[in-house]
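1. Predicted model follows, preceded by the sequence.
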Amino acid sequence: MWDLRSRRARGRPLAGHTGPVSAVAALLSPGGCPLAVTGSHDGTVRVWDLATGRAVGEPLTGHRSGVYAVATLVLPDGHPVAVTGGYDGTVRVWDLRSRRALGRPLTGHEGVVYAVAVAVLPDGTPVAVSGGKDGTVRVWDLLGCRTVGDPLAEHTASVHAVVAVALPDGVPVAVTGDLDGTVLLWDLRSRRALGAPMTGHVEPVLAATTAVSVDGRPTVVTGGMDHAVRLWEVPCDAPGGPSAPGTLSALGTRPVRGAVQAVASVDSGTGRLLVIAADDLSCVALDEDRVAALTASRPG
């Protein structure tokens, strides 16, 4: 755990997993407790109290193999949940209060689930969005614990990155990236791709996050094996929602020293930071001004 103001480690490492940790998500519980939820190759999900630096209860078990993706959300009834995806091809929903699985595993992917994100539809339905080795993106109703519609099947390679964001007018969209380096924008209401695929990455896309807003525009950051992070503007019209076609607009690129394995946008207390982790063990934090500076390379 890192203090982003001092740029120093805070407390001791959170230890307990017996295999590599492959996914992390954070959540402020309705009671005000800051939590982290981690997934590991050991097949378990662990919950950590970030205020004390201690594990909360026993590990959550159910996945038959490694857990590769974690996302968190507070449901409309106030229950904090975690959504996980793994090597066993399932998506699972966990009640972080009772520390039990909600419903049965969500099945449909043919192969590993590499990425999950969460969003809320305009009617108030909380959903998860997952991407997997089968090249599909699937939407799941977290209240009914069932799939929403058919798989989204525009990708031609394994999907390793998924992020969901609500536009200023409340329209939920997802951005996904695959091993071909392709990035797609989806309208989660219609479950259709918006416009043409974006192909700025020249190698696999492994990570995505919502980013620091640039001039009030909703933005997404992607990172991948090409040693680069790319900043994209998510187009939207008021009041009609995302424009189509047009899709994402490239705002800029920043090279890093290694393949980008993870990106996150966080509130440092004095502003938003974009944190980038690469496979050369480096970690870069960019403030709002430095993120905005990426737009200097925007085409046109």
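-> Nice, thanks for sending it over.
2. switch to C-alpha atoms for all contacts and neighbour counts from now on
-> Fine.
3. any idea which element the residue nearest to the spatial centre of the chain lies in?
-> Residue closest to the average C-alpha location in the chain (C-alpha atoms, centre = their mean): Val163, at 4.2 Å. Element membership for Val163 (DSSP states H and E) is strand 159-166.
4. same deal with Ser130?
-> Secondary structure (DSSP H and E) places Ser130 in strand 126-132.
5. Which residue is the nearest non-sequential neighbour of Val139?
-> Of all residues not flanking Val139 in the chain, Val129 sits nearest, at 4.6 Å (C-alpha to C-alpha, 6 or more residues apart in numbering).
6. So the one you found versus Tyr68, what's the distance?
-> Separation of Val129 from Tyr68 (C-alpha to C-alpha, to the nearest Å): 14 Å.
7. Below-threshold pLDDT in the stretch 201-300 of the chain: ranges please.
-> Flagging of the stretch 201-300 of the chain using pLDDT under 70 yields the residue ranges 212-217, 236-247, 267-272, 281-282, 286-300.
8. Do a quick rundown of the helices in it.
-> Using DSSP state H, counting those that start in this stretch, the helices found in the stretch 201-300 of the chain span residues 288-293.
9. now the strands for it?
-> 205-210, 219-224, 228-233, 249-255, 260-267, 272-278, 283-287 (DSSP state E, counting those that start in this stretch).
10. I figured Ala164 hits Pro172, correct?
-> Yes: counting by C-alpha atoms under 8 Å, Ala164 touches Pro172, with 7.0 Å between them.
11. residues touching the residue nearest to Ala51 when sequence neighbours are not counted, list them.
-> Leaving aside its chain neighbours, Ala51 sits nearest to Pro34 (6.5 Å; criterion: C-alpha to C-alpha, 6+ apart). For Pro34, the contacting residues are Ala26, Leu27, Leu28, Asp49, Leu50, Ala51, by C-alpha atoms under 8 Å, 6 or more residues apart in numbering.
12. next one: Gly132
-> Gly89, His109, Glu110, Gly111, Val112, Val113, Tyr114, Ala115, Ser158, Val159, His160.
13. Next, work out how far apart it and Arg254 are.
-> The value you get for Gly132 to Arg254, if C-alpha to C-alpha is used, is 27 Å.
14. same thing with Gly57?
-> 41 Å.
15. Also Arg5?
-> For Arg5 relative to Arg254 (C-alpha to C-alpha), the value is 22 Å.
16. Give me the more crowded residue out of those two.
-> Arg254 (14 against 9; other C-alpha atoms under 10 Å).
17. Just to check, the more buried one is in contact with Ala228?
-> Yes: Arg254 is within contact range of Ala228, at 5.6 Å (criterion: C-alpha under 8 Å).
18. hmm, back to that, please work out how many residues are found near the residue nearest to Val139.
-> 26.
19. right, and it touches Leu142 too?
-> No: contact criterion C-alpha under 8 Å: Val129 and Leu142 do not qualify, at 10.2 Å.
20. coming back round to it: which neighbouring elements make contact with the strand holding Val163?
-> The contact analysis (3 or more C-alpha pairs under 8 Å, 6 or more residues apart in numbering; DSSP states H and E) places strand 159-166 against strand 113-120, strand 126-132, strand 172-178, strand 205-210.
21. Can you spell out which helices and strands pack onto the first one?
-> Strand 113-120 is packed against strand 67-74, strand 80-86, strand 126-132, strand 159-166, with contacts defined by 3+ C-alpha pairs under 8 Å, 6+ apart.
22. what's the least confident stretch among these?
-> With a mean of 93, strand 159-166 has the lowest mean pLDDT of the helices and strands packed on strand 113-120.
23. angle of that one against strand 205-210?
-> Per axes from the mean of the first three to the mean of the last three C-alpha atoms, to 10 degrees, the angle that strand 159-166 makes with strand 205-210 is 10 degrees.
24. Can you list the strands that strand 159-166 pairs with?
-> Here strand 159-166 is paired, per DSSP bridges, with strand 172-178 (antiparallel).
25. Just the CA coordinates for the strand it pairs with, please, in CSV.
-> Extracted in CSV, the C-alpha atoms of strand 172-178 (Å, rounded to 0.1, in the frame of the first residue of the first chain):
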residue,chain,number,x,y,z
PRO,A,172,-23.0,4.2,-19.4
VAL,A,173,-20.3,3.0,-21.8
ALA,A,174,-17.6,0.5,-21.7
VAL,A,175,-14.2,0.5,-23.3
THR,A,176,-12.4,-2.8,-24.1
GLY,A,177,-9.0,-3.8,-25.4
ASP,A,178,-7.7,-7.0,-26.9
